[in-house]
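Participant: Build me a model:
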Amino acid sequence: MKEAIVLVGTKKALFVGRSDEERREWTWSEPQFLMEAVYGTGIDTRGTEPRLFVGGTSEHWGPGVYYSDDRGHTWTETQGAAVRFPQELGSSVERVWQIQPAGPNDPDVIYAGTQPSALFRSTDRGESYSLIRSLWDHPHREQWYPGGGGQAIHSVLPDPTDPAHVTVAMSTGGVYRTYDRGESWHPANAGIRVGFAPDPLPEFGQCVHKITAHPEAPHRMFAQNHGGVYRSDNAGDQWTSIADGLPSDFGFPIVVHPRKPERGCSLCT
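Facilitator: Prediction:
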């Protein structure tokens, strides 16, 4: 029988939940990565066996990326702090916020989004990573100001039907996307409002908290903004508010219904 796995990261440890296909009862591991803040997790199911990923941050050693090929029972740390900036940039990774496998047509590609806002790509299924310089060197970077929680790429959405198309979101900065495997990046924030700014509909600079899309409908996206919940039916060309009727339009998580890709759920605070 297949095993269902859930990775739960906290500011002081990781917990691995396991269940059978019915998912009616769960068992939970002892805390792993004790006293490390786990901001990013990921599960790659494209191989013959799943590979689990964790981005942990030690107050002493700094951030690290780990993977498990035995469903979370043991972990291997990528050598040499794999997610790191080239020395000449004079920058350092503070946290790994997102670890995201690419689509089925890129079986060995893994993306990592970090704080400060940067995107890294692995072509060996997470053993090593390289910085995507085109996004790091984007002319808008000087105007991506840190929000209250820092400045980070927290959402990475590879298009499962087109390996060249990847969408990212950051706080602050907004939504950006590439259609040429990261050679160039363009803002995709039309319709997302910034109510406290002089220009309420800027080209970029939105404090997007999370974006998501269902793999069966990758061009239908949902966004939770710092004040606003949005939907796009054209991969970010245009966003439309869907906040009417919600108890609040401010929150952080947003998910897509597992069987109904037309439905998104904002878990507002």
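Participant: Using CSV, write out every CA atom in the strand or helix carrying residue 213.
Facilitator: Assessed by DSSP states H and E, residue 213 sits inside strand 208-214. Below are the C-alpha coordinates for strand 208-214, written out as CSV (Å, rounded to 0.1, in the frame of the first residue of the first chain):
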residue,chain,number,x,y,z
VAL,A,208,2.7,39.1,-2.8
HIS,A,209,2.5,36.5,0.1
LYS,A,210,2.0,33.4,-2.0
ILE,A,211,0.9,32.2,-5.4
THR,A,212,-0.2,28.7,-6.5
ALA,A,213,-1.6,26.8,-9.5
HIS,A,214,-3.0,23.3,-10.1
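Participant: And that strand, what's buried?
Facilitator: For strand 208-214, burial by neighbour count (16 or more other Cβ atoms under 10 Å) applies to 208-214. (Each C-beta comes from the backbone N, C-alpha and C, glycine too.)
Participant: Who are the packing partners of it?
Facilitator: Counting contacts by 3 or more Cβ pairs under 8 Å, 6 or more residues apart in numbering; DSSP states H and E, strand 208-214 packs against strand 152-158, strand 166-171, strand 174-178, strand 217-225, strand 251-256.
Participant: Quick one: which of the buried residues of strand 208-214 has the lowest pLDDT value?
Facilitator: Across the buried residues of strand 208-214, the bottom pLDDT score, 89, is held by residue 214.
Participant: Now do the SS call for the closest residue to that residue other than its chain neighbours.
Facilitator: Residue nearest to residue 214 in three dimensions, not counting chain neighbours: residue 261, with 3.3 Å by Cβ to Cβ, 6 or more residues apart in numbering. Secondary structure, DSSP: H, G, I helix; E, B strand; the rest coil: residue 261 is coil.
Participant: Residue 261 against residue 217, yeah?
Facilitator: Yes. Counting by Cβ atoms under 8 Å, residue 261 touches residue 217, with 3.9 Å between them.
Participant: Compare the two and say which is more crowded by neighbours.
Facilitator: residue 261 (16 against 13; other Cβ atoms under 10 Å).
Participant: residue contacts, that one?
Facilitator: Residue 261 is in contact with 213-214, 216-217, 220, counting by Cβ atoms under 8 Å, 6 or more residues apart in numbering.
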